[in-house]
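Provided below are the primary sequence and the corresponding predicted coordinates.
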Amino acid sequence: MPAYEPFPGAAFFRAGRRSPIITAMGKRLVAEGCGKYRTGPGPEWTDADRQSYAAWQRKLDLSASDADGMPGRQSWDRLHVPVTSAATAHVSSPVPGHAVTTPYHKRGPHWSLGYHTGADYAAPKGTPCVAVLSGSVRAGHDGSFGDYLVLRSGGFDYWYCHLSHRDVTSGSVRAGQQVAEVGSTGNATGPHLHFEKRPAGGRFGSDVAPSW
Ligand SMILES: [Zn+2]
């Protein structure tokens, strides 16, 4: 477990984002004398966060274009945002609030191996998907799986498939962090997350029951 929050990616910081990471970031900005908050800091990314972060970037002597208030990896790493309690929270579903709708290993002729290699979570397009464990991610595209992410953690790969949007495409993520949104890219009849687990580096067909 890292001592500090890993950089959650530039795309993480957008209007409407709510996360305990943003509260933890704001507290660090205040501690560094960079706080521009009237109230808070709170969990939602606001213009006050951006103004405070810009003050931090200026404190680091970053040039004007790099002091726009949008967090980057270098300035983030130097801010030393502590790991939030949510980082160790148990994640009960890769699509919070949604349960499995088509189970792992269900048999059927429309699956190329004759069975379902993952677990499906049907949910509207845009529903958040979160990392079930802390680890690292990579992104890819496939005709069947569409736009996908692979989370590697503890010797396993966790595949998030048919995504409509990816919040992160590489680097470290923590358990519970939003990484993507449900979609229907690739071979899908409707919006859902196909969630599959394999041994790290395992090929299609090496799937195991998707627990974590
Ligand atoms: Zn599926």
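Alright, I've got the coordinates.

What does the pLDDT read for S172?
Looking at S172, its pLDDT is 89.

and the residue lying closest to it once chain neighbours are set aside, how many residues sit next to it?
In space, and not counting its chain neighbours, S172 is closest to P6: 3.6 Å by Cβ to Cβ, 6 or more residues apart in numbering. In this view, the C-beta of every residue, glycine as well, is placed from N, C-alpha and C. Using other Cβ atoms under 10 Å, P6 has 21 neighbouring residues.

Give me the three-state assignment for P6.
Assigned with DSSP: H, G, I helix; E, B strand; the rest coil, P6 falls in the coil class.

Walk me through the domains of the chain.
10-88, 90-212 (automatic domain parsing).

now do the same end-to-end measure for the longest one.
The first and last residues of domain 90-212 sit 10 Å apart, counting by Cα to Cα, to the nearest Å.

can you give me the offset of that domain from its chain's centre?
12 Å (Cα atoms, centre = their mean, to the nearest Å).

Look at the nearest residue to H141 once chain neighbours are set aside and report its pLDDT.
Closest residue in space to H141, ignoring its immediate chain neighbours: D147 at 5.5 Å, by Cβ to Cβ, 6+ apart. D147 carries a pLDDT value of 98.

Strands along this protein, start to end?
Using DSSP state E, the strands of the chain run over residues 119-122, 128-130, 135-142, 146-153, 156-161, 165-166, 170-173, 178-181, 192-199.

Need the mean per-residue confidence for the shortest one.
Throughout strand 165-166, pLDDT has a mean value of 97.

what sits up against it?
With contacts defined as Cβ atoms under 8 Å, 6 or more residues apart in numbering, strand 165-166 is touched by 11, 126, 139, 147, 149, 179-181, 183.

Direction included, what does that strand pair up with?
Applying DSSP bridges to the sheet, strand 165-166 is found paired with strand 178-181 (antiparallel).

Residue of this structure nearest the ion, please.
H194 (3.4 Å; Cβ to the ion).
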